[in-house]
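K.L.:
3D, please:
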Amino acid sequence: MNCIIVDDDLLSRKILEGLIEKSDSLNLIGSYDSPLEAFKVFEKADPVDLIFLDVEMPEMSGLEFINTLDEPPMIIICSGKEKYALESYEYDVVDYLLKPVSLPRFFKAVNKAQSQFQERESVSKLPDEIFIKRKNSTFVRIRYEDILWVEALENYVTVNTFKEKFTIHFTMKAIENKMPMNKFKRVHRSYIVNINKIDYIEENNVVMHTEQGAKIIPIGKSYHDILMDEINLISK
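P.N.:
Residues are numbered from 1 along each chain as shown. Coordinates of the predicted model:
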């Protein structure tokens, strides 16, 4: 992963540079003392996959810097203060490291980033559609983003979109393997849902809306915690 450091403290930058040298998965392509200087790296050909970012800096804070980026790369916050931790996760950061950063804690954060990076790479190589065979031997193209849920019906499954449903002779396991894991999650032994299309979750049910009205999908006990971990959840 190509990474950069953005931190106004020289000692902190040097410590991070030393830690990055110890990681085989990181390639440091820039170390900057301000966000304004860091903008230069985005004009170069090499993509930035990960930023080690301080919060409190003159002229522009680290969080303000994230807001200026149209498509922010992965971010690991490195701060001497805990008070920004909660706010930083609203920016979908990978991790929040408190200075001074220890080697074990650094590698834990980098491993999280590496997992996300590999998932993004694998997802980018996946097709964004499937073709479903109808009874008359014609094939219908359905984009993944149009699928709301998949439901098991004995030896068949139904693929449900906002307006239509398609019944095919397939197993749930087989179709689950065909679908991108970052978008579709098993919530019940009989249901797979597109987590980007969930309207709301009420008690132990997922609610989705179709042209015919609301669809209530039960969440199985063994799938509940997994689903809660996958969604961007804010709760008291």
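
K.L.:
For the spatially closest residue to Lys22 that is not a sequence neighbour, the count of nearby residues, please.
P.N.:
Closest residue to Lys22 apart from its sequence neighbours, by CB to CB, 6 or more residues apart in numbering: Leu103 at 7.1 Å. All C-beta spots, glycine's among them, are computed from the backbone N, C-alpha and C. Taking other CB atoms under 10 Å as the criterion, the count of residues near Leu103 is 11.

K.L.:
for Ile20, same thing?
P.N.:
Ile20, neighbours per other CB under 10 Å, totals 20.

K.L.:
Kindly provide the distance from the residue nearest to Lys22 to Ile20.
P.N.:
Note on Leu103: its distance to Ile20, by CB to CB, to the nearest Å, is 11 Å.

K.L.:
Phe107 too?
P.N.:
Separation of Phe107 from Ile20 (CB to CB) stands at 11 Å.

K.L.:
got it, and Val159?
P.N.:
45 Å.

K.L.:
Lys40 too?
P.N.:
19 Å.

K.L.:
Just to check, Lys22 is in contact with Val101?
P.N.:
No: assessed by CB atoms under 8 Å, Lys22 is found out of contact with Val101, at 12.0 Å.

K.L.:
Tell me which of these two has more neighbours.
P.N.:
Val101 (18 against 11).

K.L.:
quick one, what contacts the more buried one?
P.N.:
Listed by CB atoms under 8 Å, 6 or more residues apart in numbering, the contact set of Val101 reads Ile15, Leu16, Leu19, Cys78.

K.L.:
now swap in Glu17 and tell me
P.N.:
Here Glu17 is in contact with Ile5, Leu28, Ser31 (CB under 8 Å, 6+ apart).

K.L.:
between those residues, which has the most around it?
P.N.:
Neighbour max across the contacts of Glu17 (other CB under 10 Å) = Ile5, 25 neighbours.

K.L.:
can you tell me the helix or strand for that one?
P.N.:
Here Ile5, judged by DSSP states H and E, is contained in strand 2-6.

K.L.:
Just the residues contacting that strand, thanks.
P.N.:
13, 16-17, 20, 26-32, 34-35, 37-38, 41, 46-54, 57, 62, 65.

K.L.:
Now with 6 Å, please.
P.N.:
Strand 2-6 is contacted from outside by 13, 16, 26-32, 35, 38, 41, 46-53, using CB atoms under 6 Å, 6 or more residues apart in numbering.

K.L.:
Could you check how far the closest residue to Arg143 other than its chain neighbours is from Val140?
P.N.:
Excluding its sequence neighbours, the residue lying closest to Arg143 (CB to CB, 6+ apart) is Glu129, at 4.8 Å. Here Glu129 is placed at a distance of 10 Å from Val140 (CB to CB).

K.L.:
what's the angle between the top helix by length along the chain and strand 2-6?
P.N.:
When the chain is parsed with DSSP state H, its longest helix is helix 103-124. Angle, helix 103-124 to strand 2-6, by axes from the mean of the first three to the mean of the last three CA atoms, to 10 degrees: 130 degrees.

K.L.:
So what's the gap between helix 103-124 and the chain middle?
P.N.:
11 Å (CA atoms, centre = their mean, to the nearest Å).

K.L.:
Now that helix: average pLDDT?
P.N.:
Average pLDDT, helix 103-124: 86.

K.L.:
which parts of that helix are buried?
P.N.:
Phe106, Ala109, Val110, Ala113, Gln114, Phe117 (16 or more other CB atoms under 10 Å).
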